[in-house]
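In: Mind folding the following:
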Amino acid sequence: MIRLDHREPMPDALRGAVLALGNFDGFHLGHQAVVGEAIRFAKELQRPCIVATFDPHPMRYFRPDTEPFRLTTLDQREALFGDAGADAMLVFHFDGALAGMDAKDFVAGLLAGQLGVAGVVTGEDFTFGKGRAGAAKTFAEHGLLAHTVGAVMDGEAPVSSSRIRTALKAGNCEEGTRLLTRPFAVRGAVQHGDKNGRLLGFPTANIDMGTYLRPRYGIYAVTGHLPDGRVLKGAANLGVRPTFDPPKELLEPHFFDFSEDLYGQEIEVAFHKFLRGEEKFSSLESLKDQMARDCALAKEVLGD
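Out: Sure, this is the predicted structure:
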């Protein structure tokens, strides 16, 4: 899988590609339908398929104080696009120049000219360019082949990133998993913490949440995916650890029957089920007892 930068020349082998254009944060069922159509269309035309994404998200550029909301990192999206069958990922680095570019210049100058794109596939409601003036018909008006894909419905409502975020903020992992087609997962480097979990007999791998959406604070049944391919089962606390002072937000997974050193390694923690809300305990002993019950329940949920 090749990662491309819109500010750099397009490799000759990828010029004339079909481009799936969108944010694709989360790469949920709706996004998968757009990318799937782009891959199908590219194969029909015997051309490469490139999936585009924006980083930072335009919302972060226009509203920098917005709370964290990302469902995936660039690395996760690159892996997901590759698994879907795309040839490359194109990253549009969203800055003032891109924000101020009108729709015509974006299509004729950037896509068709600089990047040599031959066709574009988007969701039917996708808009772009300064003032969001560009729509699907704009591509055809400037000589590009264009396809649109309608919304994917789940029940009576369309699948959307905002719907997934709402579900995760409520602790509804099951709905998030169904719409994403996989559990919501946080990837990050394991960092040193205060060693409170180790003192209690439940060592944890501490991960900063970064730009990820914050699901509901509390305890989750999780799996951890290690760099060597191993998958571990565990229970994780996401929150500010109100029993300890000062409060500090972390994702703290404890993996069952595992004692290896993970410091500095990048792992991915997948959220399978919300078990309970975060609580403040009157003593470390009562917290320890509850942690044992949480782990027993997580093992039951995960089939251990």
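In: May I have the beta-bridge partners of residue 271?
Out: Bridge pairing for residue 271 (DSSP bridges) gives the partners residue 222.
In: Give me the neighbour count for it.
Out: 24 (other C-beta atoms under 10 Å). Bear in mind the C-beta positions are built from the backbone N, C-alpha and C, glycine included.
In: Kindly report the same for residue 179.
Out: For residue 179, the count of nearby residues is 22 (other C-beta under 10 Å).
In: Can you classify it as helix, strand or coil?
Out: At residue 179 the chain is in helix, as set by DSSP: H, G, I helix; E, B strand; the rest coil.
In: From residue 173, how far out is it?
Out: 11 Å (C-beta to C-beta, to the nearest Å).
In: Need the overlap of contacts for the two.
Out: Residues touching both residue 179 and residue 173 (C-beta atoms under 8 Å, 6 or more residues apart in numbering): residue 167.
In: ok, and for stretch 43-60, which residues are buried?
Out: Residues 47, 48, 49, 50, 51, 52, 53, 54, 55, 57, 58, 60 are the ones in stretch 43-60 that count as buried (16 or more other C-beta atoms under 10 Å).
In: OK, contacts around the last one?
Out: When you say that, I think you mean residue 60. By C-beta under 8 Å, 6+ apart, the neighbours of residue 60 are 66, 94, 211.
In: shouldn't the first one be in contact with residue 165?
Out: This points to residue 66. No - between residue 66 and residue 165 there is no contact under C-beta atoms under 8 Å: 11.8 Å.
In: and those two? which has more neighbours close in?
Out: With neighbours defined as other C-beta under 10 Å, residue 66 and residue 165 compare such that residue 165 has more, 20 against 10.
In: My guess is that one contacts residue 69. True?
Out: Yes - the pair residue 165 / residue 69 is scored as a contact, 6.2 Å apart, by C-beta under 8 Å.
In: any shared contact partners between these two?
Out: residue 213.
In: Quick one: low-confidence residue ranges for the stretch 101-250 of the chain.
Out: 193-200, 245 (pLDDT under 70).
In: For this protein, which segments count as helices?
Out: Assigned by DSSP state H, the helices in the chain fall at 29-45, 58-62, 74-84, 96-99, 103-104, 136-141, 161-169, 173-180, 196-199, 284-301.
In: Of those, which is nearest residue 119?
Out: helix 29-45 (6.3 Å; C-beta to C-beta).
In: contacts for that closest one?
Out: 17-20, 22, 24, 27, 48-49, 51, 81, 84-86, 118-119, 121-123, 145, 147, 149, 151-152, 154, 158-160, 179-181.
In: Report how many residues lie close to residue 235.
Out: 26.
In: Make sure it is actually in contact with residue 296.
Out: No - taking C-beta under 8 Å as the definition, residue 235 is not a contact partner of residue 296, at 9.0 Å.
In: my guess is residue 53 meets residue 77, correct?
Out: Yes - using C-beta under 8 Å, residue 53 is in contact with residue 77, at 5.6 Å.
In: any shared contact partners between the two?
Out: 24, 25, 89.
In: pLDDT score assigned to residue 99?
Out: What the model reports as pLDDT for residue 99 is 91.
In: what's near enough to touch it?
Out: Here residue 99 is in contact with 58, 61, 62, 130 (criterion: C-beta under 8 Å, 6+ apart).
In: gap between it and residue 39?
Out: Taken as C-beta to C-beta, the span from residue 99 to residue 39 is 29 Å.
In: One more: residue 236?
Out: 35 Å.
In: ok, now residue 293?
Out: 46 Å.
In: Which one's more surrounded, these two?
Out: Set residue 293 next to residue 39 and count neighbours by other C-beta under 10 Å: residue 39 wins out with 21 against 13.
In: For residue 81, see how far away the most centrally placed residue in the chain is.
Out: Per C-alpha atoms, centre = their mean, the C-alpha nearest to the average position across the chain is that of residue 72, at 1.4 Å. Computed as C-beta to C-beta, the residue 72 to residue 81 distance reads 10 Å.
In: Find residues that contact each of those two.
Out: Joint contacts of residue 72 and residue 81 (C-beta under 8 Å, 6+ apart) are residue 27.
In: Go ahead and confirm residue 129 touches residue 100.
Out: No - using C-beta under 8 Å, residue 129 is not in contact with residue 100; the gap is 9.5 Å.
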